[in-house]
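Undergrad: Need a 3D model of the sequence below.
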Amino acid sequence: MADMDLQLTAVASERPPRRQAQWIRTWFGTPGNTVVTLVCAGALFTLGRLVIDWLLVNATFAGTPADCKSATGACWPFLAAKLRYMLFGFYPFEEQWRPLLALILFVGGALVSMLPRLWGRALLGAWFLVLMPVLYILMAGGFFGLMPVPTSQWGGLPLSFLLSFVGLACALPLGILLALSRISDLPIIRILAISFIEIVRGVPLISILFMATVMLPLFMPDGITIDKLVRAQVAIIIFAAAYIAEIVRGGLQDVPRGQSEAGSSLGLHYWLVMYKIVLPQAMKKVIPPLVGLFIGFFQDTTLVTIVGLLDFLDTVRSAMRDPAWQGIAVLEGYLFAAAVYFAFSALMGSYSRFLERYFRTTHD
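TA: This next block holds a predicted model:
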């Protein structure tokens with residue numbers, strides 16, 4: 001009995017190793033770890049010093065292109081001079097408050113829509129019946145005394161968000177329908193869905209954009225033209241729907257067949273079984289690949305330059321080709337564009353992890 005008491009006392013007196021000791025063993029526990037840690041620390045210190053010198057110490061914060069040309073650091077006056085053009089492209093300078101307001105409304109609406117408890121028909125109706133018409137009126141004008149602005153003058157960040165958001169919002173239901181058609185028991189429906197998905201996925205997006213721009217007008221009746229922004233938007237919707245269909249199909253196949261059989265045994269018809277039972281489970285399983293696809297398509301909107309549209313990255317490139325700044329501010333423009341794309345990608349990645357925790361799709 002005394003021995004047992006001594007053992008219990010010894011166990012109770014043991015304390016978990018301190019976090020500092022664990023950290024030291026992790027980084028310097030062996031000679032190899034010590035060498036790797038010191039080499040990486042030295043490389044990071046050297047790289048960080050060079051970056052800080054270029055960004056801040058030797059940078060030019062005010063002045064002319066000549067001042068930047070003689071400096072060895074970053075040229076921040078370039079961003080100050082070209083910021084509005086990089087954000088809004090050839091949109092009329094006096095009217096650029098309109099795309100700015102549209103961008104603020106869009107981002108605000110997107111942030112509110114990220115809350116799952118607000119999802120429903122009311123939110124969908126607010127987007128398509130209120131917010132989207134307001135955004136279109138702000139961008140296009142022609143109403144309430146706003147000056148009309150053709151889509152050929154739309155550009156920059158609002159155009160990139162418009163193409164990606166509208167394209168993916170319309171492609172998601174089409175992709176779900178294609179996924180359901182691909183696993184359908186009806187041979188004709190299944191063959192048509194498979195043919196569409198494989199053909200679209202078998203060609204690059206730039207080919208579909210080229211066909212929508214060059215080939216489609218050849219088949220239109222005389223005197224009828226389709227706006228090039230609409231053509232690019234339709235091409236993005238078709239291309240994204242094919243990829244979404246394959247992602248959703250993987251989620252559908254992961255749902256046990258007994259789920260749909262249980263719904264049928266309750267007297268529910270096919271579409272109600274899919275809407276109430278199967279699709280909610282399947283969509284939760286494919287959150288990470290869907291978000292990854294959305295991020296990729298937001299970045300792929302840069303390809304619309306082939307149809308004569310200036311997206312955000314192309315306006316940045318165009319700003320760098322200004323004769324006054326050409327060859328002076330190159331890295332600054334690309335860093336600005338990379339920061340914007342990274343901010344969106346990081347936000348979407350964090351949102352994906354939030355949805356996984358919210359719907360409890362992992363076993364952590």
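Undergrad: for the chain, which spans come out with low pLDDT?
TA: By pLDDT under 70, the low-scoring segments of the chain are 1-21, 361-364.
Undergrad: Show me the domain layout of it.
TA: The chain breaks down by automatic domain parsing into domains covering 22-59, 78-91+149-359, 92-148.
Undergrad: list the buried ones in the helix or strand hosting Ile247?
TA: Assigned by DSSP states H and E, Ile247 falls within helix 228-254. The neighbour-count check on helix 228-254 (16 or more other CB atoms under 10 Å) flags 228-229, 231-249, 251-252 as buried. Bear in mind the C-beta positions are built from the backbone N, C-alpha and C, glycine included.
Undergrad: hmm, who's touching stretch 134-141?
TA: With contacts defined as CB atoms under 8 Å, 6 or more residues apart in numbering, stretch 134-141 is touched by 95, 98-99, 101-102, 105-106, 143-144, 146-149, 151, 154, 158, 162.
Undergrad: swap that for stretch 108-127, please
TA: Outside stretch 108-127, the residues that touch it by CB under 8 Å, 6+ apart are Leu131, Phe165, Ala169, Tyr351, Phe354, Leu355, Tyr358.
Undergrad: and the gap between Pro288 and Val255?
TA: Here the criterion is CB to CB, to the nearest Å. By it, Pro288 lies 17 Å from Val255.
Undergrad: How about Ala71?
TA: As judged by CB to CB, Ala71 and Val255 stand 60 Å apart.
Undergrad: more neighbours, the two?
TA: Val255 (17 against 14; other CB atoms under 10 Å).
Undergrad: Among the contacts of stretch 134-141, which lie within helices?
TA: Secondary structure assignment (DSSP state H) places Arg98, Pro99, Leu101, Ala102, Leu105, Phe106, Pro158, Leu162 from the contacts of stretch 134-141 within helices.
Undergrad: Of those - the most surrounded one?
TA: Among those, Pro99 has the most neighbours (other CB under 10 Å), with 27 neighbours.
Undergrad: any idea how far Asp227 is from the residue lying closest to that residue once chain neighbours are set aside?
TA: Counting by CB to CB, 6 or more residues apart in numbering, Pro158 is the residue found nearest to Pro99 once chain neighbours are left out, at 4.5 Å. Using CB to CB, Pro158 is found at 16 Å from Asp227.
Undergrad: Throw the ones in helices among the contacts of stretch 134-141 into CSV and include distance to Ser195, thanks.
TA: Below are the ones in helices among the contacts of stretch 134-141 laid out as CSV (distance: CB to CB, whole Å):
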residue, distance to Ser195
Arg98, 43
Pro99, 40
Leu101, 44
Ala102, 38
Leu105, 40
Phe106, 36
Pro158, 36
Leu162, 30
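Undergrad: Which two of those residues have the greatest separation?
TA: Spanning the widest gap among those are Leu101 and Leu162, at 14.0 Å by CB to CB.
Undergrad: Going along the chain, name the strands of the stretch 201-350 of the chain.
TA: Here the stretch 201-350 of the chain has its strands, by DSSP state E, counting those that start in this stretch, at 310-311.
Undergrad: Going by residue numbers, what spans are helices in it?
TA: 205-210, 228-254, 257-265, 270-273, 279-285, 287-300, 312-320, 331-359 (DSSP state H, counting those that start in this stretch).
Undergrad: between the second one and helix 287-300, how big is the angle?
TA: Angular relation of helix 228-254 and helix 287-300 on a 0 to 180 degree scale: 160 degrees, by axes from the mean of the first three to the mean of the last three CA atoms, to 10 degrees.
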